[in-house]
Structure formats: structure tokens, C-alpha cells
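In: need a structure here:
(one chain, ligands or ions: 1)
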Amino acid sequence: MLDSRPESSPPDRAEIRRKLEAADPATLLLALVQLTGERHWLAAAQPFIRGPMNYQEFLPEELRGAIRDRLAEVLADGLTKGRPPDDALLREMMAVATGETVADDYIAMMREDLTDDTLQSRSLRWRKPPDASALQAADVVIIGAGMSGLYAAIQLRQAGIPFVIVEKNDAVGGTWYENVYPGCGVDTPNHFYSYAFEPNHGWSHYFAKRDELWRYFDDIADKYDLRPHIRLSTEVVEARYDETSTRWQITARGADGQTEQMSARVLVSAVGVLNRPKLPDIEGLSAFAGPAFHTAQWDRNFDWPGKRVAMIGTGASGHQVGPSIAPDVARLMIFQRSPHWVVPNPNYHAGVDDGKKWALANVPYYLRWYRFQLFWGFADGLHDALKVDPAWPDQDRSLNALNEKHRRFMERHMRSELAERPDLLEKVVPDYPAYGKRILIDNHWFRMLKRANVDLVTEAIERIVPEGVRMKDGRIHPADALVLATGFKVSKMLLPMKVFGRDGRELHDVWGDDDAKAYLGLTVPGFPNFFILTGPNTTLAHGGNQIFMTECGVRHMMQALRELLESGHRSIECRSEVYENYNRKVDDTHARMVWTHQGMTNWYRNRHGRVFAITPWRLVDYWKMTSRFDAAEYELS
Ligand code: NAP
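Out: Okay, the predicted model is just below:
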């Protein structure tokens, strides 16, 4: 399913014109400007663009037609390459792409994204290419063949560094392999949620479901010839850094329970954060008489039609399961402890039509500008809504003017969906500011709640009993099956694996019970030649694309490896003061953001309230921090 090349002989002008009809006019305009340098289109369009999404663009019909006519003309003439825009033009184009002023910080990042070979532009360039024996001596073990592990492998392969991926499952794909619950899918648009160098013009939907996502990652393993390097059904249980050999000694366990030893100069953890199911601390779980399972351990044989299903939890997973099974079950009882903010998105259930797919594959720069629009709309464009304005009056309700605006927008949506059901409305509107928990996209959740066979239960659960769920007031909700949509154990990152660094210190002793920290989320002093992908403070909560974060992290890791190899040293680790300073900055920034705000509960914080899981940064900040590599921040020995 990965992309083939664009059409080699383009269709004639009339045919192109017809195909352009389905593509977004604002995005076409950006492609046109980049191809031709004709700036006047920007000024003509600017007043009609209120945001980066296609449903925030209000160009008059005549202007839309003119853009498509001109683009058809230049494409039919065979124009496929424009001059790279200068800074002023790029600034103007970004403003039109988003309907807002975009700061100059984005220019360098966008320039990189607009290069023709987006794999090369993100790959390591050696300054003094090491010889073959030096490359061989820098061998890497990557733990995990999910999104991050596969990307690290691709970049190591590009650089000529040998690697092995050790994967506990019997297939690649990580979270997209493991989660098979009904409705499982992504809630970041796919044309953004893909590797920058592997855009996939063929996504069937704007927000793909699990099977298509898993196939994408599985195909990556073939396309980049990674399979010979992957050891499936093998779990790393322990890794120890040996100071004498300056190598990691790794203990792995196969499916048959046998352990084996491996060794590597460099160790990369790519195990992800959301893969150890958290069962609710409710008494009696094991006493339930029917099938009971966590969303991430969905029983593929579970036949829900006609059953009475009790579902505990209304986060991102519950939000996908509920509407998927509600039409078929006899009764769905949803136990909600706290409501989530939910945003509507007209594209959430929409398929991508063929004309749009054609434009993505064949109109030069269309896809890149589309990605930037999604990047803005789903990540950095929201960032100001997360910051506490100390002068803002009603801090229980919202944090600042933009946060209040988003709250009103979501509330309006809830009110319109539940106009005739004030009883439900009262239960679903959160009493905390928007973005305090992970934002959800409306998966027809409110329509589902209105179904006659669905109950939203907000009273406190007392215990699980064999026949169902007993409430504090003694009432029992009888159920045939119990679905636990109760999230993941996140606080003990990397467990159950044990990682012993210099002096035999175990990573979790360094971190304490639930206080994971790393420099840039990647490296920890005392753990030489060890890199963590999707590490502490790198998960995204308000939106965004986790693949972007991984691409940034891997770039930084590759630069560290370059430093190691080119300098002829055997180990590299970050300096303690760099680690401490960075984490202080993370904490100071978080202290002024929504997730630490008064009364907020979410899975991002440890028991002392410190946010350890998610990033406080804009994506562009993390891109900048990880693009630069300063050898002085590291100790080489
Ligand atoms: P989650 O967001 O942590 O939600 C867990 C839910 O279970 C919450 O509603 C929580 O209530 C409830 N809960 C937990 N313990 C409970 C108890 N003892 N009694 C009653 N209710 C209880 O977990 P998730 O939905 O699996 O999502 C986890 C993360 O995975 C997401 O934040 C997201 O990053 C990712 N994810 C993404 C997608 C996607 O579409 N891309 C899909 C699924 C998951 P409280 O809120 O009151 O704690």
C-alpha cells in the first residue's frame, strides 16, 4: 500500500483540470505559488482563509476556478519544480496556509520539509566517513519494532551502522499490531501521521483504522528491507552496561521461555509508553462471571451482538469502542468517572476521494503544504490555548482567551448534539478547562449516548460482582461482559525491562518510582550509548503527531552516534548538568500549562504532580532542540 511514483506522463490539461476539482483550493494555491513564484495569488486568497482546515477556507468560486485553471496549465506544460521560496515568500505562504501569522521559527523547519528527498534531508551526513570496521564496532540493538524502532532502523541503515531489532510480539507495528478493539484507529490525520519521507498518498480515510495503519508499518519493514534484521517473539528482559568492554550485555527471552545473551555497543529503547494495560482499582474484578478484558487485550472471539456490555472508562480507547459496538449490543452501560472535552471534525469519518489522492501524488508540493496545514491545525496552532494567563479571571473554567474560545466551540457542539437531552448534557460537559485531559474527536459519541440501549452512568462504582457492576447505592447493573477502557500503566516507563548503567545503577532506581526524566527525552547520565525513543516528556497530549517526535529524537541520536564514531571514542552520555537544566526548563514550562493547572487529573503526572510523560514544547521547538547537536553537552570517553 505504500506509494508508487507519481504518473510518469501527465494527463493533458483538460484531464488535469478535471482531477484538480477534488483537491483543496487553498493547498493547490500554495503548490501553484511555489511552482511559479506568482505571489499575487496569496494576496487574493488571504482574506478568505480563517484556518488551516479545508472547512475553514471560504475562497469565492471564481478564485477557486482561476487557481485550478492556472495550475492545470503549468502542470500540463510539464512544470514539476519551482525555485525554493525565499524567507519572505515562505512567511507569506505559511500565513495563507494557516489563516494566521506564523512566526519565523518555522521557516527552517518548513524549508527542510519542502526539499525533494525528504529521507535524505533527515538522514545523517558524515563529516569524516568512518571506515567499515568502525561502523561494525558501533553495532546497535533496538528494542521494539513499532513506529519508533522501525524509523531508527531505517536511519541506521542509511548511515551504514549495523543493527538488530528485538521485538516481543510475533509481528512488527507495536501499538497498531496489539490493539484490535472495535473502532481502533488514529485521531491525528493520516497525511500528517505518517513518516515525513513516506507520505502514503493512498490513505483510504483522513483518519485510518487499525488494519490500514498496521499495514502501513508492516509494509515499511519490507520496503526498507528491515525483516532480516528483526528478531520477533523475543523480549529483552535486562540490559547491563559493561564498562570494561564499553558494550551493552543484553538478556532476551524467546517465546519458549529460553533466555539468550546478546551484546551491542549502542542500545535503543523503542518500547513505547502505552502498552501495559492498567486495570482499574475496583474490587471484585476477578469475580465477574462473564468475559472481562482490557481494550488493549481485546478478545477477538468476543461476540458482542445481543449482549449486555458494561464499559468502564471514557478516554480515547473507550471513545472508539463505544460507538462501534452500541448498534449491535442489547445494552451498553458506560461508566464515566470524569468527562472529556470532545471536538467535532467534519473529516473524522470521511474517506479520501480519488481526486484528492491524485493531487497528493501528482501535484508537486501539494502534499507538503497539506502536511503543514495539518501540523498547524493539529499541533502548533493549538499551543497557545494550553498556557495559563495569570490575569485571566475564571481559571476554573478556562486559561486564557483562546482556551475559552475553544471551550465555547466544544460546548456549542455538545449542546447542539444533545439539545433534547439536558440530562446527558449535564453529565458530559467537563468542569475543567479544555485540554486538561487528552482532547478527543467526536466519534458520534453524543449520538451514541442518545440511543435507547445506551446508559451513561456517572455514579461511583462500589465493586464488580459476578452478575455485573454494583454501585455505591447498592444498585446492580447486570452485564454479560465487561470492557475495561481504563488506560495504561505509564508512570514506570520501560518496565518490566531492567536497564543497568554505569556502576550497576538500575534506571528505575535513578528515576525513583514514577519520575522518569531524560535530556530531550532521549538520554540519561550514567547510561552511556543508550537512547530512549518516545521517552520522558516526549508524548503529545493536545494533538500532534508522535511520528514527528520520533523523527526528531532519532535525528539527535544519529548526531550523537556520528560524534562517537568520528571522534574515535567508545562511549557517549549526556552531562548531568545538561540533563538537570533541561528538566528544570521542562518543569518550569509545565508549571504554567494546562496539565498542572488546579484540579487537573490526567495520566501525564506522577503522584507528586510532576508531568513526566508529555512535552511542554511546540513541535517546532523540539525540532530545533533536536536538530542541533552540541558535543559539549555530552561526555565522550
Ligand atoms: P485513558 O485516556 O487513560 O482513559 C482511561 C479511562 O478510564 C478514563 O476515562 C478514566 O477516568 C477511566 N478510569 C480509569 N480507572 C478507573 C476506575 N478505577 N474507575 C472508573 N474509571 C476509571 O486511556 P485510553 O482511553 O486507553 O487512552 C490512553 C491514551 O492512549 C490516550 O490518551 C492516547 O494518548 C492513546 N490513544 C489514542 C488513540 C487514538 O485515537 N489515536 C486511541 C486510543 C488511545 P478518569 O479520566 O477519571 O481518570
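
In: For the rest of this, base every contact and every neighbour count on C-alpha atoms.
Out: OK.

In: Just list the residues touching the spatially most central residue of the chain, thanks.
Out: Centrality entry for the chain: nearest residue to the mean C-alpha point is Q546, 2.7 Å, by Cα atoms, centre = their mean. When contacts are counted by Cα atoms under 8 Å, 6 or more residues apart in numbering, Q546 touches Y193, T534, T539, L540.

In: State the distance from it to G160.
Out: In this structure, Q546 and G160 are 26 Å apart, going by Cα to Cα, to the nearest Å.

In: ditto for S123
Out: 11 Å.

In: Name the residue in these two with the higher neighbour count.
Out: Legend: neighbour count by other Cα atoms under 10 Å for S123 and G160, higher for S123 (19 against 15).

In: is it true that that one touches H556?
Out: No. Assessed by Cα atoms under 8 Å, S123 is found out of contact with H556, at 10.6 Å.

In: Give the closest residue to the residue of the chain most remote from its centre in space, chain neighbours not counted.
Out: In terms of distance from the mean C-alpha position of the chain, G474 ranks first, at 41.4 Å (Cα atoms, centre = their mean). Using Cα to Cα, 6 or more residues apart in numbering and skipping the chain neighbours, the partner closest in space to G474 is E462 (8.0 Å).

In: List the strands paired with the helix or strand hosting that neighbour, with their directions.
Out: Assigning secondary structure by DSSP states H and E places E462 in strand 461-465. Paired strands of strand 461-465, with direction, are strand 468-471 (antiparallel) (DSSP bridges).

In: Check whether the partner strand comes near the ligand.
Out: No. Using Cα under 6 Å from any ligand atom, we find that strand 468-471 stays clear of the ligand, coming within 11.3 Å at best.

In: Return the residues of the stretch 201-350 of the chain in contact with the ligand.
Out: P280, D281, I282, I312, G313, T314, G315, A316, S317, G318, R337, S338.

In: which of those residues sit farthest apart?
Out: Using Cα to Cα, these span at most 20.4 Å, a distance reached by I282 and A316.

In: So these two - more neighbours on which side?
Out: Comparing I282 with A316 by other Cα under 10 Å, the one with more neighbours is A316, at 21 against 11.

In: number of nearby residues for P129?
Out: 13.

In: wouldn't it be in contact with E566 here?
Out: Yes. Counting by Cα under 8 Å, P129 touches E566, with 7.4 Å between them.

In: Scan this structure for its longest helix.
Out: Looking across the chain with DSSP state H, the single longest helix is helix 546-567.

In: Now do that helix: distance to the chain's middle.
Out: Distance, stretch centre to chain centre, for helix 546-567: 19 Å (Cα atoms, centre = their mean, to the nearest Å).

In: After the helix or strand hosting I334, which helix or strand is next? Please name it.
Out: Here I334 sits within strand 331-335, counting by DSSP H and E. Scanning forward in sequence from strand 331-335 by DSSP H and E, the next helix or strand is strand 342-343.

In: Can you give the contact residues for that following strand?
Out: For strand 342-343, contacts defined as Cα under 8 Å, 6+ apart pick out M410, H413, I439, L440, I441, D442.

In: Let's have these in CSV, adding pLDDT.
Out: Below are the contacts of strand 342-343 laid out as CSV (pLDDT from 0 to 100):
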residue, pLDDT
M410, 98
H413, 98
I439, 95
L440, 97
I441, 97
D442, 98
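
In: Who are the contact partners of the closest residue to R13 other than its chain neighbours?
Out: Excluding its sequence neighbours, the residue lying closest to R13 (Cα to Cα, 6+ apart) is A76, at 5.0 Å. Residues in contact with A76 (Cα under 8 Å, 6+ apart) are P10, P11, D12, R13, I16.

In: interface residues of the chain facing the ligand?
Out: For the chain, the residues in contact with the ligand (Cα under 6 Å from any ligand atom) are 185-187, 280-282, 312-318, 337-338, 438, 485-487, 603.

In: ok, the nearest residue to V524 once chain neighbours are set aside - how many residues close by?
Out: Excluding the flanking residues, the one nearest V524 by Cα to Cα, 6+ apart is A518, at 5.1 Å. Using other Cα under 10 Å, the number of residues around A518 comes to 23.

In: repeat for P52
Out: Around P52 there are 26 other residues, counting by other Cα under 10 Å.

In: wait, isn't it in contact with V102?
Out: No. Using Cα under 8 Å as the test, P52 is too far from V102 to be in contact (11.6 Å).

In: List the residues that are in contact with both of the two.
Out: Applying Cα under 8 Å, 6+ apart, one finds that no residue jointly contacts P52 and V102.

In: could the contacts of A76 go into TSV alongside neighbour count, pLDDT and distance to H40?
Out: Shown next, in TSV, are the contacts of A76 (neighbours: other Cα atoms under 10 Å; pLDDT from 0 to 100; distance: Cα to Cα, whole Å):
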residue	neighbour count	pLDDT	distance to H40
P10	14	62	26
P11	14	76	27
D12	14	90	26
R13	18	93	22
I16	23	95	23
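
In: And S8, what's its pLDDT?
Out: On pLDDT, S8 comes in at 61.

In: what about the helices in the stretch 51-200 of the chain?
Out: Under the criterion DSSP state H, counting those that start in this stretch, helices of the stretch 51-200 of the chain are mapped to 61-76, 87-98, 106-113, 132-136, 147-159, 175-178.

In: Need the winner for burial among these.
Out: helix 147-159 (a mean of 23; mean count of other Cα atoms under 10 Å).

In: Run the angle between the helix or strand where E15 lies and helix 61-76 for me.
Out: Secondary structure assignment for E15, by DSSP H and E: helix 13-20. Counting by axes from the mean of the first three to the mean of the last three Cα atoms, to 10 degrees, helix 13-20 points 130 degrees away from the direction of helix 61-76.

In: what comes into contact with the following helix or strand past helix 13-20?
Out: Of the helices and strands lying after helix 13-20 in sequence (DSSP H and E), the nearest is helix 25-36. Residues outside helix 25-36 that contact it (Cα under 8 Å, 6+ apart): 38-39, 41-42, 45, 49, 54, 57, 59, 64, 67-68, 70-71, 79-85, 93, 96-97, 363-366, 369-370.

In: Of those, keep whichever come out buried.
Out: Taking 16 or more other Cα atoms under 10 Å as the criterion, what is buried in those is 39, 41-42, 45, 49, 54, 57, 59, 64, 67-68, 70-71, 85, 93, 96-97, 363-366, 369-370.

In: Just the buried residues of the helix holding E15, please?
Out: Buried positions in helix 13-20, judged by neighbour count with 16+ other Cα under 10 Å: R13, I16, R17, K19, L20.

In: could you say what helices and strands it packs with?
Out: On a contact count with 3 or more Cα pairs under 8 Å, 6 or more residues apart in numbering; DSSP states H and E, helix 13-20 meets helix 61-76, helix 354-362.

In: How far away from the center of its chain is it?
Out: Relative to its chain's centre, helix 13-20 lies at 35 Å (Cα atoms, centre = their mean).

In: Kindly report the same for stretch 128-147.
Out: The chain centroid and the centroid of stretch 128-147 are separated by 26 Å under Cα atoms, centre = their mean.

In: Could you do stretch 99-108 as well?
Out: Worked out by Cα atoms, centre = their mean, stretch 99-108 lies 22 Å from the chain centre.

In: May I have the distance across it, first residue to last?
Out: The first residue of stretch 99-108 is 20 Å away from its last residue (Cα to Cα).

In: How about it, which residues are buried there?
Out: Buried residues in stretch 99-108 (16+ other Cα under 10 Å): G99, E100, V102, Y106, I107.

In: again, but for stretch 208-225
Out: 208-210, 212-221.

In: export that stretch as PDB, just CAs?
Out: Output in PDB follows, covering the C-alpha atoms of stretch 208-225 (Å, rounded to 0.1, in the frame of the first residue of the first chain):
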ATOM      1  CA  ALA A 208      -7.400   5.500   9.200                       C
ATOM      2  CA  LYS A 209      -8.400   2.500  11.200                       C
ATOM      3  CA  ARG A 210      -6.100   0.000  12.800                       C
ATOM      4  CA  ASP A 211      -5.700  -2.500  10.000                       C
ATOM      5  CA  GLU A 212      -4.700   0.100   7.400                       C
ATOM      6  CA  LEU A 213      -2.300   1.700   9.900                       C
ATOM      7  CA  TRP A 214      -0.700  -1.600  10.800                       C
ATOM      8  CA  ARG A 215      -0.300  -2.500   7.100                       C
ATOM      9  CA  TYR A 216       1.500   0.800   6.600                       C
ATOM     10  CA  PHE A 217       4.100   0.000   9.200                       C
ATOM     11  CA  ASP A 218       4.300  -3.600   8.100                       C
ATOM     12  CA  ASP A 219       5.000  -2.500   4.500                       C
ATOM     13  CA  ILE A 220       7.700  -0.200   5.800                       C
ATOM     14  CA  ALA A 221       9.600  -3.200   7.100                       C
ATOM     15  CA  ASP A 222       9.500  -4.700   3.600                       C
ATOM     16  CA  LYS A 223      10.200  -1.600   1.600                       C
ATOM     17  CA  TYR A 224      13.300  -0.800   3.700                       C
ATOM     18  CA  ASP A 225      14.400  -4.400   3.800                       C
END
